[in-house]
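Chemist: next comes the sequence, and after it the predicted model I'd like to discuss.
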Amino acid sequence: MNTTIIIPARYASTRFPGKPLVELAGKSMLMRVYEQASKAKGISDIIIATDDIKIQEHCIKQGAKVCMTSTEHQTGTDRCVEVINRLSTKPDIIINVQGDEPFINPKQIEQLVDLLLQAPIQIATLCKKIDTPEDIINPNVVKVVKAIKDKALYFSRQAIPYYRGKQIVETYYKHLGIYGFKTETFLQIAKLPQSPLEKAESLEQLRWLDNGYDIYLAETDFQSVAIDTPEDVKKALDFLSLSS
């Protein structure tokens, strides 16, 4: 199947302006994401979607494929839809890799593709067991509760589920910033209006759950470090030094 990776990259981030171009040991964060994505097997195309000329120029200089999009988009999904609608041939599968995941493992992308090849799965994403206590209470680390058959029940910035009367901390899962979609479903969910739960948590995936779409989860063991704030850069550099 034709599988396209799209990496949305927005310069004017509220919490961290210029985040995609921050340097991590000699390479921009965005190029680290792009290079990791390019190592995944079975990928037909990789496109960076941006609304900023500085990011566009950086991508061209680095030889990465880039598409300029509107500055009016509210979400990364909206930005990806514009890219898809411009393609003369629509892919069968879309993988949306967040531009702040410089250590995404290529095998994680392959995991999602394998999941989407199974009927009737239309939307897939990744989760990982939380092994750092601080992450459980960190609102920048999104938690997910999954059902027995690996469907997502809910996503939250709070520690969920709540273990009533427990002295021992049970298993929590964090959500990783990567999604896979069948293209037809992707174009459908892009037309949905914001939902109350999405507004409450500021998590776009709750819009899809609110409207009855199933989100399937694959569990990964690969450790990663997402960069949400300037303070996370040091964590990323520490991670790089440990993994090199």
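Modeler: Received it, and whenever you're ready, just let me know what you need.

Chemist: identify the residue spatially nearest to residue 210, adjacent ones excluded.
Modeler: Among residues not flanking residue 210 along the chain, residue 195 sits closest, at 3.7 Å (Cβ to Cβ, 6 or more residues apart in numbering). All C-beta atoms are positioned from the backbone trio N, CA, C, and that covers glycine.

Chemist: let me know the outermost residue of the protein.
Modeler: No residue in the chain has its C-alpha farther from the mean C-alpha position than residue 165, which lies at 33.8 Å (Cα atoms, centre = their mean).

Chemist: local confidence estimate at that one?
Modeler: Residue 165 carries a pLDDT score of 81 in this model.

Chemist: in this structure, which helix or strand is least confident?
Modeler: Least confident helix or strand, the chain: helix 232-243 with a mean of 81, by mean pLDDT, DSSP states H and E.

Chemist: list the buried residues of that one.
Modeler: Across helix 232-243, burial judged by 16 or more other Cβ atoms under 10 Å covers 232-233, 236, 239-240.

Chemist: do stretch 110-130 as well
Modeler: Buried-residue list, stretch 110-130, by 16+ other Cβ under 10 Å: 110-113, 115-116, 121-128, 130.

Chemist: check those and tell me the two furthest apart.
Modeler: 122 and 130 (26.8 Å; Cβ to Cβ).

Chemist: so which residues of the chain form helices?
Modeler: Taking DSSP state H as the test, the helices found in the chain are 29-38, 53-62, 76-86, 106-116, 133-137, 183-189, 196-201, 205-210, 232-243.

Chemist: which strands or helices does the fourth one pack on?
Modeler: Going back to what we said before, that points to helix 106-116. If you count contacts as 3 or more Cβ pairs under 8 Å, 6 or more residues apart in numbering; DSSP states H and E, helix 106-116 packs onto helix 29-38, strand 93-97, strand 123-129, strand 173-182, strand 216-219.

Chemist: and the angle for the third one with helix 106-116?
Modeler: Relative orientation of strand 123-129 versus helix 106-116 (axes from the mean of the first three to the mean of the last three Cα atoms, to 10 degrees): 130 degrees.

Chemist: hmm, back to that, which other helices and strands does the least confident helix or strand of the chain contact?
Modeler: Contacts defined by 3+ Cβ pairs under 8 Å, 6+ apart place helix 232-243 against strand 23-24.
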